[in-house]
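Enquirer: Whatever this is, show me its structure:
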Amino acid sequence: MIVYGETIDDQTRCVHYGTPKDVIAIKFKCCRRYYPCHLCHEHAETHAATQWTLAERQQKAVLCGVCSTELTIDGYLAVDGCPSCHAPFNEGCRLHSSLYFQD
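Expert: Got it, this is the predicted structure:
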């Protein structure tokens with residue numbers, strides 16, 4: 001899986017978010033590319049980001065950077081870590097999930 005943006009390691013951490021728990025990438029609806037964060041998308045693309053709609057919550061749009069498991073949006077929003085490898089996810093990411101997913 002290709003992760004675009006300013007990554008700093010092979011677990012999807014980026015120059016903007018690089019803590020041990022920052023191990024997801026989000027597939028942006030607008031370009032269908034995985035980026036570690038909204039800032040990486042903003043810096044790399046010439047188009048504005050669009051949100052996944054509520055009707056699209058079963059789309060696989062979140063990538064675990066540790067084991068490369070793809071999660072559905074609903075699946076990601078329901079867990080604190082990867083259901084496959086148990087890597088913990090940054091709980092603070094939920095504070096800005098509306099940048100990626102409609103509420």
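Enquirer: Which parts of this protein are strands?
Expert: 24-27, 34-35, 60-64, 70-72 (DSSP state E).
Enquirer: Go through these and name the closest to residue 4.
Expert: With CB to CB, the closest approach to residue 4 among those belongs to strand 34-35: 5.4 Å. Quick note: C-beta positions are derived from backbone N, CA and C, even for glycine.
Enquirer: Can you pull out the residues in contact with the closest one?
Expert: 1-5, 12, 25-28, 41, 44, 63 (CB atoms under 8 Å, 6 or more residues apart in numbering).
Enquirer: For stretch 57-70, which outside residues touch it?
Expert: 1, 3, 10-13, 23-27, 29, 34, 36, 52, 71-77, 82-85, 87, 100-101.
Enquirer: Could you list the buried residues of it?
Expert: 57, 59, 61, 62, 63, 64, 65, 66, 69, 70 (16 or more other CB atoms under 10 Å).
Enquirer: Same list (the strands of the chain) but as CSV, adding mean pLDDT and distance to residue 18.
Expert: What follows is those, written out as CSV (pLDDT from 0 to 100; distance: least, CB to CB, whole Å):
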stretch, mean pLDDT, distance to residue 18
strand 24-27, 98, 13
strand 34-35, 98, 14
strand 60-64, 98, 16
strand 70-72, 98, 21
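Enquirer: Fine by me, thanks again.
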